[in-house]
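Engineer: Model the following, please.
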Amino acid sequence: MSPEEWETFVRSTLVEGWLEDYDAMTPWAAEVLEIPQGPLTYLFDSTPTISGADSGDDRVVAVWGHSVAAEAPREKGRQAGFIPVPEKWSHVGMDRGHFVAHAAGGGMDMNFFPQAKGLNRGTTERGKVWKAMERQIIEHPGTPLFVRPLYDDGSWVPTLIDYGVLIGARLWKERFENRD
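Structural biologist: Presented below is the predicted three-dimensional model:
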């Protein structure tokens, strides 16, 4: 499926449901922005910052597009400096995960999220499946994909993550718990 066909499919079939689900799980009236980043499109809720709310975090609602080879090596120093002490920005046992792997064209900044170590590193059974999906999109640039976090509170830490990868005409979709 071409990038244009994938874009049409996601917009016509998935986005409206994602936004409805997000509104139902969010404790504020969300104003979701669409932010293109190269071959990826992010739906991003910055309502807590824009509104000056005392609680709640800005966060990704969904990301979709297609994978590409990374343009440059990962900026490890910049990544390490992104909220440097994990225990202060999420929970013990969380990594600075990427919604879309850096090696598949995922960037930094809004592509980061607190991810369970076992899931991010592939050390649990479900983490091995996550890593297999990442390998698929890394080894096959141009692969259509989506990632949709689901939240159960106002934080930017997803409870669940839906991950979809299109392989030929088959959609490989998995739901992951973001806990070890």
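Engineer: mind showing which ranges of this structure have poor pLDDT?
Structural biologist: 72-93, 180 (pLDDT under 70).
Engineer: mind listing the helices in it by residue range?
Structural biologist: In the chain, the helices defined using DSSP state H lie at 3-9, 15-25, 47-51, 76-81, 86-89, 117-121, 125-139.
Engineer: which one of those lies closest to Gly154?
Structural biologist: helix 47-51 (7.4 Å; C-beta to C-beta). Quick note: C-beta positions are derived from backbone N, CA and C, even for glycine.
Engineer: Now mean neighbour count and distance to Phe146 too, for the helices of the chain, in JSON lines please.
Structural biologist: What follows is the helices of the chain, written out as JSON lines (neighbours: other C-beta atoms under 10 Å; distance: least, C-beta to C-beta, whole Å):
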{"stretch": "helix 3-9", "mean neighbour count": "13", "distance to Phe146": "9"}
{"stretch": "helix 15-25", "mean neighbour count": "14", "distance to Phe146": "9"}
{"stretch": "helix 47-51", "mean neighbour count": "14", "distance to Phe146": "22"}
{"stretch": "helix 76-81", "mean neighbour count": "10", "distance to Phe146": "23"}
{"stretch": "helix 86-89", "mean neighbour count": "12", "distance to Phe146": "25"}
{"stretch": "helix 117-121", "mean neighbour count": "20", "distance to Phe146": "17"}
{"stretch": "helix 125-139", "mean neighbour count": "17", "distance to Phe146": "11"}
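Engineer: Reformat these as a markdown table; add distance to Val157.
Structural biologist: Shown next, in a markdown table, are those (distance: least, C-beta to C-beta, whole Å):
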| stretch | distance to Val157 |
| --- | --- |
| helix 3-9 | 28 |
| helix 15-25 | 13 |
| helix 47-51 | 14 |
| helix 76-81 | 18 |
| helix 86-89 | 9 |
| helix 117-121 | 12 |
| helix 125-139 | 16 |
